[in-house]
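Participant: coordinates for the following, if possible.
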Amino acid sequence: MYTVVGLCGEKQMRVRHWSPPNTIASKWLRNSTVFHVFRGRLGNQLFQYAAIVGISKHHGAVPCFDHNPLSEFLQHQEDMCVRTAPTSVTHLDERDNYATHMPFAIEGDTAISGFLQSFRYFSPGDVLRDVQIKQKFKSEARLVLARVLNLTLDSPRVAIHIRKLHGSDEMLPVRMPHTVFSEDDAYLRFPAPAFFELAMAFVRRQHPDAIFVVMSDEPEWCAQQSYLQQPDVHIVRLDNAPILDLALIAECDHVILTRGTFGWWGAFLGAGARGGLVVYNAGEFDMQHPINKNHVVVADFYPVHWVAIPVGIQLRSDTQWTSLP
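Facilitator: Got it, this is the predicted structure:
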């Protein structure tokens, strides 16, 4: 059995399963295959899975991957097609682009490589039907919210995802000679305190009784920030597996994002799907950085109904301030 899931813009796709001959699914046997090799961690993998399935559905092809990293976390992914692309297939590459929608044309068996970080590759409705966090992680997230943080359903819950670190394994491989990028290059910029203050004020104006739940790779750093030292702010200090943090974000009614794909997917699967507020850092992409310049289209990465918070200053590190262009 094989699951074909489609994703697109902000919707989802239908799941088809391989079945015995003489069923409707047998038609897939005659179609082309779109191959992909996963790269990066969970947020990146979700974009790639959604994009490849969406591209395949659009062309009537079968999506196939080099391995299956999602079955442990998502429902109905055990039957993902796993197969290495033969050497004879056509190879397409997004090149140095990553947060940009590329118009791939599929004619016959094709291997597509890249990070594919654009919601325009897939149907949101398809994704929301087929990309579902496993129930055990949802249940655990609800227990954390109710018992560890002692939160009830009486007040709107607002996830603040703070991606403080940006690991070298997530850095994009840009094909530029004699160039090595480090964390100091900050092609994904971390927001200044002004962003958090503006974003939280924006949410409070619409939901005065909101409770903020902070998820971060650096909870101790978060506990030292004055703008998070408020009675309506709760910092999750548990050493959670990434999937549990994703489930926690998805369980909240509204989301504030700082940078990266992980929080994006928590928002997309949760607040974004339920009509809640999704607020993001408009200065995330340094558009003059070589990794981003001419390789990123912000409108291809953030859905139009999500709310951008622009700020005039940007924090490059804990001690250095710089003005945005």
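Participant: so what's the closest residue to Phe195 other than its chain neighbours up against?
Facilitator: Excluding the flanking residues, the one nearest Phe195 by CB to CB, 6 or more residues apart in numbering is Val311, at 4.9 Å. From N, CA and C alone the C-beta is placed, and that goes for glycine too. Shown in contact with Val311 (CB atoms under 8 Å, 6 or more residues apart in numbering): Pro191, Ala192, Ala194, Phe195, Leu198, Asn281, Ala282, Gly283, Leu324.
Participant: what sits up against the helix or strand containing the fifth one?
Facilitator: When secondary structure is defined by DSSP states H and E, Leu198 falls within helix 193-206. Residues lying outside helix 193-206 but in contact with it, judged by CB under 8 Å, 6+ apart, are 158, 160, 210, 212, 225-228, 254, 256, 258, 277, 279, 281, 283, 307, 309, 311-313, 315.
Participant: circling back: for the contacts of Val311, which one is nearest Cys81?
Facilitator: Nearest to Cys81 among the contacts of Val311, counting by CB to CB, is Asn281 at 36.1 Å.
Participant: list phi and psi for that closest one.
Facilitator: phi -80, psi 110 (degrees, to the nearest 10).
Participant: what pLDDT does it get?
Facilitator: For Asn281, the model assigns a pLDDT of 93.
Participant: also Gly6?
Facilitator: pLDDT for Gly6: 34.
Participant: also Gly9?
Facilitator: So, for Gly9, pLDDT stands at 35.
Participant: Leu29 now?
Facilitator: Leu29 is assigned 39 on the pLDDT scale.
Participant: for Arg274, same thing?
Facilitator: 95.
Participant: which one's the longest helix in this protein?
Facilitator: Criterion DSSP state H: the longest helix present in the chain is helix 42-59.
Participant: next, the buried residues of stretch 258-275.
Facilitator: Judged by neighbour count using 16 or more other CB atoms under 10 Å, the buried positions of stretch 258-275 are 258-273.
Participant: repeat for stretch 130-148
Facilitator: Residues Asp130, Val131, Gln132, Ile133, Lys134, Phe137, Lys138, Glu140, Ala141, Val144, Leu145 are the ones in stretch 130-148 that count as buried (16+ other CB under 10 Å).
Participant: which of these sits closest to Phe301?
Facilitator: The closest of the buried residues of stretch 130-148 to Phe301 turns out to be Val131 (CB to CB; 17.6 Å).
Participant: Glu284 contacts Thr261, doesn't it?
Facilitator: No - Glu284 is beyond contact range of Thr261, at 11.0 Å (criterion: CB atoms under 8 Å).
Participant: circling back: quick check, nearest of the buried residues of stretch 130-148 to Pro303?
Facilitator: Minimum separation from Pro303 among the buried residues of stretch 130-148 (CB to CB) is found for Val131, which lies at 15.5 Å.
Participant: could you pull out the helices for the stretch 151-300 of the chain?
Facilitator: 193-206, 219-223, 242-251, 261-269, 271-274, 298-301 (DSSP state H, counting those that start in this stretch).
Participant: the fourth one - contacts with which helices or strands?
Facilitator: Packed against helix 261-269 by the contact rule (3 or more CB pairs under 8 Å, 6 or more residues apart in numbering; DSSP states H and E) you find helix 42-59, helix 124-130, strand 157-162, helix 242-251, strand 254-257.
Participant: go with 6 Å
Facilitator: helix 42-59, helix 242-251 (3 or more CB pairs under 6 Å, 6 or more residues apart in numbering; DSSP states H and E).
Participant: to Ala186, which of those lies closest?
Facilitator: Smallest distance to Ala186 across those (CB to CB): 18.0 Å, for helix 42-59.
Participant: any idea of the mean pLDDT in the closest one?
Facilitator: Averaged across helix 42-59, the pLDDT comes to 95.
Participant: and the angle from the longest helix of the chain to helix 242-251?
Facilitator: 70 degrees (axes from the mean of the first three to the mean of the last three CA atoms, to 10 degrees).
Participant: ok, then the element right after helix 42-59?
Facilitator: strand 62-65.
Participant: how far is that next one from where the chain is centred?
Facilitator: A distance of 20 Å separates the centroid of the chain from that of strand 62-65, by CA atoms, centre = their mean, to the nearest Å.
Participant: also stretch 131-145?
Facilitator: Centre-to-centre, stretch 131-145 and its host chain are 17 Å apart (CA atoms, centre = their mean).
Participant: put the alpha carbons of it into CSV.
Facilitator: Output in CSV follows, covering the C-alpha atoms of stretch 131-145 (Å, rounded to 0.1, in the frame of the first residue of the first chain):
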residue,chain,number,x,y,z
VAL,A,131,-0.5,15.7,7.3
GLN,A,132,-1.8,15.0,10.8
ILE,A,133,0.4,14.8,13.9
LYS,A,134,-0.1,11.5,15.6
GLN,A,135,-2.7,11.4,18.3
LYS,A,136,-0.3,10.4,21.0
PHE,A,137,1.7,13.6,20.5
LYS,A,138,-1.4,15.7,20.4
SER,A,139,-2.6,14.2,23.7
GLU,A,140,0.8,14.7,25.3
ALA,A,141,0.8,18.3,24.2
ARG,A,142,-2.6,18.9,25.8
LEU,A,143,-1.4,17.4,29.0
VAL,A,144,1.5,19.7,29.1
LEU,A,145,-0.7,22.7,28.5
